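Enquirer: Would you be able to build a 3D model of this:
(2 chains)
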Amino acid sequence: MAQIELDGINRIFQLGDSQVHALCDVSLRIEAGEYVSVMGPSGSGKSTLLNLLGLLDRPNSGHYRLEGRDVTTLSADEQAAVRSARIGFVFQSFHLVPRLTAAENIALPLMLAGMPAHERTRRVAQALKDFGLEARAHHRPEELSGGQRQRVAIARATIMRPAMLLADEPTGNLDRATGQEVTALLEDLNAAGMTLIVVTHDPVMGERARRRVLMEDGAIRQDLRRGPEPA
Amino acid sequence: MSPADTLRFATRAALGYPLRTALMVLAMSIGVAAVVMLTALGDGARRYVVEEFSALGANLLIVLPGRTETGGVNPGSFVSSTPRDLTNDDAAALLRLPLVQRVAPLTVGNSEISVGGRLREVMVLGTTADYLGIRGFGVAGGQFLPREDFGRATAVAVIGETIRAELFGNENAIGRMIRLGDRRLRVIGIMGPAGRGLGMNSDELVLVPVATAQAMFNTNALFRIMVETRGREALGPAQRQVEDLLRARRDGELDFTVITQDAVLGTFDRILGALTLGVAGIAAISLAVAGILVMNVMLVAVTQRTGEIGLLKALGASTGAIRLAFLAEAGLLSLAGAVAGFALGHAGAWGIRLAFPALPAWPPDWAVAAAVGTALTTGLLFGVMPARRAAALDPVQALMKR
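Expert: Numbering: from 1, shown residues only, chains lettered A, B, ... in the order given. Now for the predicted structure:
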């Protein structure tokens, strides 16, 4: 059983009186611990695919089994619980809450999951240390550099120890050097066993992944693997 | 999300936009303060009047000349339109009624009092010996008016404490002669400090026998007759006896009015109570406006923080948690407004009391509770819609906003 199993997924958007087929009959299997890049031109449906994988969106038809469980039929709150426990998101624009400090931003998923405050502090302190953000714990996002912001965002995405990390153009707002830094960070997490799915425009970043999915017009055109399959 | 975390999150969110929050709290507090202050004013006026009349004593009937009637024309209207005066004889006749204990006829007027070249304007009250007991006043020195026939114009006077101090200073006043209008009277007593009542301050009065006052003001008429009944339960029957007697004495015509203190009190109580309720209602409108403002502010907050809401959803927040967070924020804003308004209103009421010491301008408890309660309810009620809107946002759409 693969970690992610998509079968015949269709996603249709209604724009005025015209229909846009964002995903056409997409079927995809991703094993736990894989490193997948999703590439393709704008409007090819790669962001829609990522939203679907992250349970932020629902398909019009087809089935999505996450770790053997059909999650397409879950209610919104059940899906929220799955997101909370199993899925981490990294966004192009970081999406940090501006009025909260780095530490508080990292603690958000724990707080939403209802973890008691003292345990939170311990986990957040560990995360700050792991991501080299100790000196920045009490700074607000506006006082952080782009790289630091994305590191806070990654720390937040992984604080719940999710099974998979979904990254939407994680280096899109960063310069090359910090971009590489962030990419390395994500790859380290993948090496530690976390499934990593990256949507990107950047061919350099896309090439790094062991598995490259190329999308066009809502369908998977190419699915290339390189090197040995992860165990 | 635990309740404590929800509250903390909402507080941080509210404090994240200080100007918006301050304006919101200000609007809410003005509403609450308006209710607290205006009801304090209204209730203060009510209590002031009640105290004035309570000072009269409980078993009291007051007879006044003339009759105010709201109603049609009756045959009597064509026969006579001027009411007959109340006279000393009427008062003396009332004293013979079985249920009547004491009677004090009253005549009032303004005159000049002078002693050894010092001169001032005073209010002169013509009455009899029983006035002291009926009103519950006391004499600080000397004696009160002598007990004598209502018709005797003895040349004596009892003066209030302020008058005594102004005219005699440290000298002994009792036994001295004063000039009151065109008459020379001997001071036989000084009124004790008794306070106010019905707009008269006994410290500034000169009391003389009723016939003396009538001669001075050249009239036979009485201003009022105060009748004390034998006990409180005798009030009703006594009122009927007084009416019957006086009607018989003036050819069956009811051209006078007998009022009880309770009736007067009750009327004033009702009028001023309604007034208080009215101003409270008007002030409550500002609370409703503040409630709408809460809604507006929260709707703006939802729009402003669309990205954040999307993020929270992506991080696994349930719709309930988001709804609760926004509702808590609205509640906190109203609570802060209510507390600030409560303090502001009490400060205002304190200011009123400072400016008008006679007015016991304390806001009634029900009004304070209603104001704070309404503020909280409106805040929460008007916060529901924005909170639901926030919770219902589509995460994908919300995340695309920055």
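
Enquirer: so which residue of chain A comes closest to chain B?
Expert: residue A:84 (2.4 Å; Cβ to the nearest Cβ). Where C-beta positions appear, they are placed from N, C-alpha and C, glycine not excepted.

Enquirer: For the helix or strand harbouring that residue, name the packing helices and strands.
Expert: Here residue A:84 sits within helix A:76-86, counting by DSSP states H and E. The elements that helix A:76-86 packs onto, with contact taken as 3 or more Cβ pairs under 8 Å, 6 or more residues apart in numbering or on different chains; DSSP states H and E, are helix B:306-314, helix B:319-355.

Enquirer: now do 10 Å
Expert: If you count contacts as 3 or more Cβ pairs under 10 Å, 6 or more residues apart in numbering or on different chains; DSSP states H and E, helix A:76-86 packs onto strand A:61-66, helix A:102-112, helix B:306-314, helix B:319-355, helix B:395-400.

Enquirer: centroid residue for chain A?
Expert: The residue lying closest to the centre of chain A (Cα atoms, centre = their mean) is residue A:166, at 1.2 Å.

Enquirer: Wait, a strand at it?
Expert: Yes - applying DSSP: H, G, I helix; E, B strand; the rest coil, one finds residue A:166 inside a strand.

Enquirer: I'd assumed residue A:92 was in contact with it.
Expert: No - judged on Cβ atoms under 10 Å, residue A:166 makes no contact with residue A:92 at a distance of 12.0 Å.

Enquirer: what sits in contact with each of those two?
Expert: Here residue A:166 and residue A:92 have residue A:199 as joint contacts, going by Cβ atoms under 10 Å, 6 or more residues apart in numbering or on different chains.

Enquirer: residues in contact with residue 167?
Expert: Here I'm looking at chain A. Neighbours of residue A:167 in contact, by Cβ under 10 Å, 6+ apart: A:37-38, A:50, A:88-92, A:150, A:153-154, A:157, A:182-183, A:186, A:196-200, A:205.

Enquirer: I was after chain B.
Expert: Residue B:167 neighbours (Cβ under 10 Å, 6+ apart): B:113-116, B:118-120, B:122, B:159, B:173, B:176, B:178, B:187.

Enquirer: What's the PyMOL line that selects buried ones from those residues?
Expert: Selection of buried members from those for PyMOL, criterion 16 or more other Cβ atoms under 10 Å in any protein chain shown:
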select buried, chain B and resi 113+115+122+159+173+176+178+187
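
Enquirer: Okay, and which of the contacts of residue B:167 map to helices?
Expert: Among the contacts of residue B:167, the subset assigned to helices under DSSP state H is empty.

Enquirer: Generate TSV for the contacts of residue B:167, with pLDDT and distance to chain A as supplementary columns.
Expert: Output for the contacts of residue B:167, formatted as TSV (pLDDT from 0 to 100; distance: Cβ to the nearest Cβ, whole Å):
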residue	pLDDT	distance to chain A
B:113	91	75
B:114	90	79
B:115	89	79
B:116	83	81
B:118	86	75
B:119	89	76
B:120	90	71
B:122	91	72
B:159	91	74
B:173	87	77
B:176	91	82
B:178	92	80
B:187	93	79
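
Enquirer: Which helix or which strand is home to the closest residue to chain A within the stretch 151-300 of chain B?
Expert: Residue nearest to chain A within the stretch 151-300 of chain B: residue B:300 (15.7 Å; Cβ to the nearest Cβ). Using DSSP H and E, the element containing residue B:300 is helix B:261-304.

Enquirer: repeat for residue A:201
Expert: Going by DSSP H and E, residue A:201 is not in any helix or strand.

Enquirer: Contacts only, for it.
Expert: Residue A:201 neighbours (Cβ under 10 Å, 6+ apart): A:39-42, A:46, A:92, A:169, A:171-172.

Enquirer: are any of those residues buried, and which?
Expert: Judged by 16+ other Cβ under 10 Å, buried ones among the contacts of residue A:201: A:39-40, A:46, A:92, A:169, A:171-172.
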